[in-house]
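Q: following is a predicted model, sequence given first.
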Amino acid sequence: MRIALLTYSTRPRGGVVHTLGLAEALAALGHDVTVWTLGRGGGFFRPVDPRVHLAVVPFPEAPGEGVGERIQRSIALLRQAFTPSAYDVVHAQDCISANAVDRCVRTVHHLDQFTTPELVACHERAIVRPYAHVCVSSAVAAELHAGWGLTATVIPNGVDHERFASAVPHVADHPYLLSVGGIEPRKGSLDLLAAYARMRRSLPGLRLVIAGGETLFDYRDYRAQWDAQAASLDVAPTVLGPVDHAFLPSLMAGASAFAFPSTKEGFGLAAMEALAAGVPVVVRDLPVLREVFGSAVTYGSDAASLAAALTRAVKEPDPDRRAAGRALAAAHTWAAAARRHVGLYTSLRGATSPDS
């Protein structure tokens, strides 16, 4: 089967990680897979299995460009370059790539609420135009059905379990609490900062380390608010920004605990990777995260409860929960996800076609 997977970036965001993991697993099953993407800053953030074809569309920087303009330019460039007739299945992984094609399968990782007009329109078209939908959790599928009356096939994420389970823990000068995803509203960064300030009352030597943060959006105002709150709380987190792909597993494995206070998620891949690394994980108490993680993690709903759960995780790590977390992560394989995608693609080819 000739399969095109479309994503919007070469940088390490969850949807891009998902696209590459799925592409490699599909190629391992013998399918002809091409990943189409916009080359933001060059090639992909990690090596890609050579069985996967890569089509990276140049996306030069445009100084002074607003978010809406950037979204429209992204859609236009990908649409101009893409050749849909070359594939049996076209599968878009995000809002931008779903807008760049006329007919596609769409994975809805999570649902957003935007105020920028171009983003609002992009988000809506990327939901209503695809002829089939995939969600990585039942909770998001339920949101999609409640909001638009659409029925999605639920196929959970895979995780590169062995890569994180076998990592040699990073040794730092001080114990550290880790969060991955950068500083932005959806990641609950302000709550994390407040929770960390509370934790330092009983764990004064604990550092907060934040990794990742590649994004299309401009969060300068939110970052300024975050910096001001850090100063008022007298805390100085270590903000690494994007980290090297090869270093991330060690950074995960060396953490005393992993914080995942996101306010909106579709699955929680970074938290699942932390479980694979054997690290205690605390997440925000969201229905989707209850569904995915069950009792393998602990939960908090605000800065105070997140701080309490994280403090317990650091001071009193639970070996049974650690073992349950490793087992849960090991059960989510890209091979299984790929097989389920192939089943979906096959059923869709029998019922309809992207050209119909």
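A: Good, I have the coordinates.

Q: show me where the stretch 201-350 of the chain has its strands.
A: Across the stretch 201-350 of the chain, reading from the start of the chain, the strands by DSSP state E, counting those that start in this stretch fall at 207-211, 238-241, 257-260, 281-284, 298-300.

Q: closest to Ala55 out of the ones you listed?
A: When the strands of the stretch 201-350 of the chain are ranked by proximity to Ala55, the top entry is strand 238-241, at 27.3 Å, counting by CB to CB. (Each C-beta comes from the backbone N, C-alpha and C, glycine too.)

Q: in that closest one, what counts as buried?
A: Residues of strand 238-241 classed as buried under the neighbour-count rule (16 or more other CB atoms under 10 Å) are 239-240.

Q: what packs against it?
A: Contacting strand 238-241 under the criterion 3 or more CB pairs under 8 Å, 6 or more residues apart in numbering; DSSP states H and E are the following elements: strand 207-211.

Q: now find how far off-centre the strand it packs on is within its chain.
A: The offset between the C-alpha centroid of strand 207-211 and the centroid of the whole chain comes to 18 Å, using CA atoms, centre = their mean, to the nearest Å.

Q: so what's the model's average confidence on the longest helix anywhere in the chain?
A: Residue-count comparison of every helix in the chain, with assignments taken from DSSP state H, identifies helix 334-351 as the longest. What helix 334-351 shows for mean pLDDT is 92.

Q: ok, stretch 66-86 next?
A: The model assigns stretch 66-86 a mean pLDDT of 94.

Q: now do the buried residues in that stretch.
A: By neighbour count, and taking 16+ other CB under 10 Å as the criterion, the buried residues in stretch 66-86 are 68, 70-72, 74-75, 77-79, 82, 84.

Q: sorry, back to before: determine which of the strands of the stretch 201-350 of the chain shows the lowest mean per-residue pLDDT.
A: strand 238-241 (a mean of 93).

Q: gap between it and the chain center?
A: Put simply, strand 238-241 sits 18 Å off its chain's centre (CA atoms, centre = their mean).

Q: give the pairing partners of it; include direction for each.
A: Strand 238-241 sits in its sheet next to strand 207-211 (parallel), going by DSSP bridges.

Q: for the strand it pairs with, C-alpha coordinates in PDB please.
A: As requested, C-alpha coordinates have been extracted for strand 207-211 and formatted as PDB (Å, rounded to 0.1, in the frame of the first residue of the first chain):
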ATOM      1  CA  ARG A 207      15.800  21.700  40.700                       C
ATOM      2  CA  LEU A 208      13.100  22.200  38.100                       C
ATOM      3  CA  VAL A 209      14.200  21.400  34.500                       C
ATOM      4  CA  ILE A 210      12.100  22.100  31.500                       C
ATOM      5  CA  ALA A 211      13.000  20.600  28.100                       C
END
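
Q: run through who's touching that strand.
A: Surrounding strand 207-211, the residues in contact under the criterion CB atoms under 8 Å, 6 or more residues apart in numbering are 172, 174-183, 189, 192-193, 196, 235, 237-243, 248, 251, 255.

Q: among these, which lie within helices?
A: Under the assignment DSSP H, the contacts of strand 207-211 contribute 189, 192-193, 196, 248, 251 to helices.

Q: from those, pick the one nearest Asp302.
A: Of the ones in helices among the contacts of strand 207-211, the one sitting nearest to Asp302 (CB to CB) turns out to be Leu192, at 11.2 Å.

Q: OK, contacts around the closest one?
A: Contact criterion CB under 8 Å, 6+ apart gives 179, 208, 210, 259, 261, 306 as the residues in contact with Leu192.

Q: the fourth one reaches Ala195, doesn't it?
A: Yes: the pair Ala259 / Ala195 is scored as a contact, 7.3 Å apart, by CB atoms under 8 Å.

Q: give me the angle between whichever strand in the chain runs longest and helix 334-351.
A: With residue count as the measure and DSSP state E as the assignment, the chain has strand 32-39 as its longest strand. An angle of 100 degrees separates the directions of strand 32-39 and helix 334-351 when computed by axes from the mean of the first three to the mean of the last three CA atoms, to 10 degrees.
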